[in-house]
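Undergrad: need a 3D model of the following:
(chains A, B, C and D)
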Protein chains: 2
Amino acid sequence: MLPDRRHQLILRALRADGPTTVVALAEKVGASQATIRRDLAQLEDEGLLKRVYGGAAPVVGEDDPFADVAGVRVEAKDALAAWCANLVRDGETVLLDIGTTAHRVARHLHGRSLTVITSNLAVYEELQDDKDIQLILLGGVVRRDYRSLVGFLTEDNLRQVHADRLFLGTSGVRPDGQVLDTTAVEVPVKRAMIAASTHVVLLADAGKFPGTGMARVCGPEELDVVVTNAPGDEKTCNRLREAGVEVVEV
Amino acid sequence: MLPDRRHQLILRALRADGPTTVVALAEKVGASQATIRRDLAQLEDEGLLKRVYGGAAPVVGEDDPFADVAGVRVEAKDALAAWCANLVRDGETVLLDIGTTAHRVARHLHGRSLTVITSNLAVYEELQDDKDIQLILLGGVVRRDYRSLVGFLTEDNLRQVHADRLFLGTSGVRPDGQVLDTTAVEVPVKRAMIAASTHVVLLADAGKFPGTGMARVCGPEELDVVVTNAPGDEKTCNRLREAGVEVVEV
DNA sequence: CCAAACTCAAGCAAAGTCGCGCATGAATGT
DNA sequence: ACATTCATGCGCGACTTTGCTTGAGTTTGG
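TA: Predicted structure coming up:
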């Protein structure tokens, strides 16, 4: 069991079940209470959770939109998102995928005159007070730990709408250009999103080549643009370009 | 049981049921009265509640969605909502309408084992952290001023789901039993909700007889129960009963 | 106005939690 | 092969929380 994997499990458990005891976490991830305590201390230092006596609680406003605006150095991932936001023209209809990557893009759309369609609850909270943006939320079952809406209602809705541009997240791109995802339940939603959009923009930051994922979302022929902030694997890039995909390195 | 979790339960109980005794809280959260007193003292220091002799009362802050409504009416409307929540059995699927009335019902559903379907964004925010409740959000265009989702996506989704019970709000009930609404865009959504539910419960607090509204939502034959906190107009009640509607005065 | 009933806060013992030091064991570098 | 590093698990003393008891304070009803 990798420490990083354990940290992920802890954070996921907290997001799903709220405040949890050290004993319960130790049992859940199969580590001693001492180890869990050390993990919690570390994760608290990183601001990823709040330590309470006897356990830990999830921190609510983890993605403060002003945190990185105030920061001197803009994160690399944010540069990616900013570039994507520039791609969008006023008046367009933009479809935003599940995940933090799409949320990042949404932060850069404030004040723009757009229609935004999403099943991403983080995007909803980000843009709900922005009166310039017409916001359309797709239906579905609320997944608390992933802050998303999924299910047949989401897919149904996606068959009824059309977007000029889709910003798609991923967990990995294989050398042959196949786009992957780790969570099976999201794949049908992502496919429906692709079908509902004229242009598909894939956001693949560093570490997504080859990345992980057990489910295939789509092949390179479905993509129009791949945006990345890392010099991707040469072979992968060539394969994508062969399929007519524009590969952009920010 | 984490102290933090206990505090949440206390605050939730206060929000849902208003002023509560120390004894009742101790029983509810499974702690001693001494612990509850210590919790209350701490929470009062943080300004999260107001201590009163024998118990505690919720503090009405700016985040209270009902701060604008006058005191005695809030209690009456909350009694209505509490009665409706008692109507629901564990395991049921509940459909909650747009509007503050349905939100009020949602506040009394905390901790219940239910499936809740709604296009009410206030309900979503109320229940999003409640892990006992499976929450399904209907798609649609976000209406910021009404905190709701409307449009053809909402209606489409409603054709794909079914609920045991619908709690319907209204702006007025005419003497002949017709249910009215003021905003035309909501009417198709309300009709679709009625069609998707086995039982329809109309919440009509004081001032809804005859109330206002330019659009007809449905006739009395679509309703199963009308819950009110005021002795409604005699003629209206008779007309409703003739149509087979159970009229309940809380 | 008084007394009974109830509520509150302080003190105390028990249980639970925390963080530290130390030993173990695996992975890594020399 | 040996030493180093690092994460992990265990034990111990210090600390925190909890529930019970007690005496003082507050409310209620006659």
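Undergrad: enumerate the residues of chain A near DNA strand C.
TA: A:21-23, A:33-34, A:37, A:41, A:51, A:53-55 (CB under 7 Å from any atom of the strand). In short, each C-beta sits where N, CA and C put it, glycine included.
Undergrad: among those, name the ones in helices.
TA: Mapping these onto helices (DSSP state H) picks out A:22-23, A:33-34, A:37, A:41.
Undergrad: ok, those vs A:Ala13, which is closest?
TA: Nearest to A:Ala13 among those: A:Val22, at 11.7 Å, using CB to CB.
Undergrad: relative to B:Arg89, which of the residues of chain A next to DNA strand C is nearest.
TA: Among the residues of chain A next to DNA strand C, and counting by CB to CB, the member closest to B:Arg89 is A:Thr21, at 30.9 Å.
Undergrad: report the contact partners of the closest one.
TA: By CB atoms under 8 Å, 6 or more residues apart in numbering or on different chains, A:Thr21 lies in contact with A:54-55, B:2.
Undergrad: would you turn these into JSON lines with pLDDT and neighbour count?
TA: Listed next are the contacts of A:Thr21 as JSON lines, based on pLDDT from 0 to 100; neighbours: other CB atoms under 10 Å in any protein chain shown:
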{"residue": "A:Gly54", "pLDDT": "90", "neighbour count": "16"}
{"residue": "A:Gly55", "pLDDT": "90", "neighbour count": "22"}
{"residue": "B:Leu2", "pLDDT": "85", "neighbour count": "19"}
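Undergrad: can you redo the residues of chain A next to DNA strand C as JSON lines with distance to DNA strand D?
TA: Output for the residues of chain A next to DNA strand C, formatted as JSON lines (distance: CB to the nearest atom of the strand, whole Å):
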{"residue": "A:Thr21", "distance to DNA strand D": "11"}
{"residue": "A:Val22", "distance to DNA strand D": "12"}
{"residue": "A:Val23", "distance to DNA strand D": "12"}
{"residue": "A:Gln33", "distance to DNA strand D": "8"}
{"residue": "A:Ala34", "distance to DNA strand D": "4"}
{"residue": "A:Arg37", "distance to DNA strand D": "9"}
{"residue": "A:Ala41", "distance to DNA strand D": "11"}
{"residue": "A:Arg51", "distance to DNA strand D": "11"}
{"residue": "A:Tyr53", "distance to DNA strand D": "4"}
{"residue": "A:Gly54", "distance to DNA strand D": "7"}
{"residue": "A:Gly55", "distance to DNA strand D": "11"}
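Undergrad: buried among these? Make that a PyMOL selection.
TA: Buried subset of the residues of chain A next to DNA strand C, written as a PyMOL selection, criterion 16 or more other CB atoms under 10 Å in any protein chain shown:
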select buried, chain A and resi 21+22+51+54+55
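Undergrad: and the residue of chain A nearest chain B?
TA: Relative to chain B, the nearest point of chain A is A:Gly139 (3.3 Å; CB to the nearest CB).
Undergrad: from A:Val161, how far off is that residue?
TA: Separation of A:Gly139 from A:Val161 (CB to CB, to the nearest Å) stands at 11 Å.
Undergrad: for the spatially most central residue of chain A, which non-adjacent residue is spatially closest?
TA: Geometric centre of chain A, nearest residue: A:Gly99, 2.0 Å, by CA atoms, centre = their mean. Leaving aside its sequence neighbours, A:Gly99 sits nearest to A:Gly169 (CB to CB, 6 or more residues apart in numbering or on different chains; 3.9 Å).
Undergrad: if I pick the one you found, what's in contact with it?
TA: Taking CB under 8 Å, 6+ apart, one finds A:97-102, A:203 in contact with A:Gly169.
Undergrad: A:Cys237 against A:Val247, yeah?
TA: Yes - between A:Cys237 and A:Val247 there is a contact under CB atoms under 8 Å: 5.1 Å.
Undergrad: which SS state does A:Val201 fall under?
TA: Secondary structure, DSSP: H, G, I helix; E, B strand; the rest coil: A:Val201 is strand.
Undergrad: got phi/psi on the spatially closest residue to it that is not a sequence neighbour?
TA: Nearest non-adjacent residue to A:Val201, counting by CB to CB, 6+ apart: A:Val225, 4.6 Å away. A:Val225 has phi and psi values of phi -140, psi 140 when expressed as degrees, to the nearest 10.
Undergrad: ditto for A:Arg15
TA: In terms of degrees, to the nearest 10, the main-chain angles of A:Arg15 are phi -60, psi -40.
Undergrad: and the gap between A:Arg104 and A:Leu203?
TA: For A:Arg104, the distance to A:Leu203 (CB to CB) stands at 8 Å.
Undergrad: more crowded one of those two?
TA: Higher neighbour count among A:Arg104 and A:Leu203: A:Arg104, with 28 against 25, using other CB atoms under 10 Å in any protein chain shown.
Undergrad: what residues are up against the more buried one?
TA: Counted by CB under 8 Å, 6+ apart, A:Arg104 has contacts A:77-78, A:80-81.
Undergrad: most neighbours among the residues you listed, please name it.
TA: Top of the contacts of A:Arg104 by neighbour number is A:Ala81, holding 27 neighbours under the definition other CB under 10 Å.
Undergrad: please give me every residue in contact with that residue.
TA: Applying CB under 8 Å, 6+ apart, the residues near A:Ala81 are A:101, A:104-105, A:107-108, A:203.
Undergrad: from those residues, which two are the most distant?
TA: Across the contacts of A:Ala81, the longest distance by CB to CB is 13.3 Å; it joins A:Arg107 and A:Leu203.
Undergrad: still on that earlier bit, so for A:Arg104 and A:Leu203, which residues contact both of them?
TA: Common neighbours of A:Arg104 and A:Leu203 (criterion: CB under 8 Å, 6+ apart): A:80-81.
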